[in-house]
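Trainee: predicted model and sequence follow; I will ask about them next.
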Amino acid sequence: MPAIYDCIVVGSGPAGGSAAYHLARRQRSVLVLEKAALPRQKPCTGGISPVIGQWFDVDFQPAIADTTRTVRYSWKFKDAVEAELSIPEPIWIVERTVFDHYLLQQAQQKGAVVADQTEVTGITFQKDHWQVHTATTTYGGRYLIAADGANSQMARWLGFKPKVGRTAAVMTVPNPRGDRAAHFEFGLVKNGYLWSFPKGDQRTVGVAVVRGSDRPNWEPILQQYCAVHQLQLADCPIQYHPLCIWEGQQPLHTHHALLAGEAAGLVDPFSAEGVRPALYSGMRAAEAIDAALGGEVDALATYSKTLQEEWGTDLAWAQRLAGLFHRMPGVGYRLAMKRPSATQRLGQVLCGELRYRDIAGRAIQRLSSSLIPGR
């Protein structure tokens, strides 16, 4: 059997790349296993908060395709409002195939080992380490990080309950008018919304529900959106992908193993943001495993507690806000999204300057009062 790694990370997305980078920079031996060929394709509209730059000693500029400070909302293609984000840096817009691989390459430069086209077929714990089985060999790792996405097979093997998955869709279309705004369209999707980001001479358009029943066919709504905005749909395939929204507090650790990213269900139930929490969870997972390797007995339990306190509690506020907003979305759009302060507050949330708990109480009170007759 080959040498035993300090940690094996399964999955090379943002959570896996982040964990590998932060473990390698701590001089820990880390192996990343990815079932797809690298660089792997990943459907995503690609909007990322620039705050993530504070978590890495990395210049991300080579992996940023575009930026924007302008946000535009509309309600069923009408009643539009546009605002500028007053944040230190504009929102980054990335091509996930490029961004994810770039981060992984930074981890490799720190010493991480990466094996692509290597699908994990099973795991077993042997004495003091995990054995990770593939079709051709078995790898050994003292600790595991499951970062294999919304349909995490690793999470199931580790004994975690399956999470509720939903179906999101993304397509990339030409942007002939050069529109530079990030666009959020409300009212077309029950319990969800449609969003569109500029990316050079193209735009990515995404759609999903964040609560309630899933909707597996998004083609009609995407066609309608592109027709109204004069975006050419021909020869632009729709890519479907699973989405795993945060469902509430839950343990994210087990014996010598952690969940990170969408395998942990760390997707914002209000905005459907997933990359920032994935990167953060990967960083915290690396810190926890480094501490465990150093002899800290409760390090993995502390990881669960930290993620629950720093993200889970806040995502619970996002969940409450989403539930009330989507109960009466027309009222929510008028009273929340159209207010100039709403864009600034959401921008501050995306950049980590505010948390949902800082803004949700007042927003919920405002929305709740509108549902009371005579108010």
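Mentor: In hand now; what should we look at?

Trainee: run the chain-centre distance for the longest helix belonging to the chain.
Mentor: Using DSSP state H to define each element, the chain has its longest helix at helix 275-293. Distance of helix 275-293 from its chain centroid, counting by Cα atoms, centre = their mean, to the nearest Å, is 15 Å.

Trainee: and that helix, what's its mean pLDDT?
Mentor: Across helix 275-293, pLDDT averages out at 97.

Trainee: please renumber the chain so that the first residue is 63 from this point on.
Mentor: Sure, I'll start numbering at 63, so the last one becomes helix 337-355.

Trainee: go ahead and name everything in contact with the helix or strand following it.
Mentor: Going down the chain from helix 337-355, the next helix or strand is helix 361-369, by DSSP states H and E. With contacts defined as Cβ atoms under 8 Å, 6 or more residues apart in numbering, helix 361-369 is touched by 313-316, 318-320, 326, 328, 343, 346-347, 349-351, 353-354, 358. Where you see a C-beta, it was placed from the backbone N, CA and C, and this is true even at glycine.

Trainee: which among these count as buried?
Mentor: 313-316, 318-320, 326, 328, 343, 346-347, 349-351, 353-354 (16 or more other Cβ atoms under 10 Å).

Trainee: what sits against His195?
Mentor: Neighbouring residues of His195 by Cβ under 8 Å, 6+ apart: 182-186.

Trainee: make it 10 Å
Mentor: Applying Cβ atoms under 10 Å, 6 or more residues apart in numbering to His195 gives the contacts 182-186, 201.

Trainee: out of those residues, who's nearest Leu416?
Mentor: Of all these, Val182 has the smallest distance to Leu416: 38.8 Å, by Cβ to Cβ.

Trainee: correct me, but that closest one touches Thr198?
Mentor: No: the criterion here is Cβ atoms under 10 Å, and Val182 misses it with Thr198 at 11.6 Å.

Trainee: so if I had to pick from these two, which one is more boxed in?
Mentor: Neighbour count, other Cβ atoms under 10 Å: between Val182 and Thr198, Val182 has more, with 22 against 8.

Trainee: please state the backbone phi and psi of the residue nearest the centre of the chain?
Mentor: Central residue of the chain (Cα atoms, centre = their mean): Gly336, 1.3 Å from the mean position. When read as degrees, to the nearest 10, the backbone of Gly336 gives phi -130, psi -30.

Trainee: out of everything not next to it in sequence, what's closest to it?
Mentor: Leaving out its chain neighbours, the residue that sits closest to Gly336 by Cβ to Cβ, 6 or more residues apart in numbering is Val329, at 4.3 Å.

Trainee: quick one: that neighbour from Ile185, how far?
Mentor: Going from Val329 to Ile185 by Cβ to Cβ, to the nearest Å gives 24 Å.

Trainee: more crowded one of the two?
Mentor: More crowded of Val329 and Ile185, by other Cβ under 10 Å: Val329, with 26 against 21.

Trainee: on the three-state scheme, that one is what?
Mentor: coil (DSSP: H, G, I helix; E, B strand; the rest coil).

Trainee: please look at it and Ile307 and confirm they touch.
Mentor: Yes: if you go by Cβ under 10 Å, Val329 and Ile307 touch, sitting 5.0 Å apart.

Trainee: okay, and the common contacts of those two?
Mentor: Common neighbours of Val329 and Ile307, counting by Cβ under 10 Å, 6+ apart, are 212, 225, 228, 270, 272, 336, 377.
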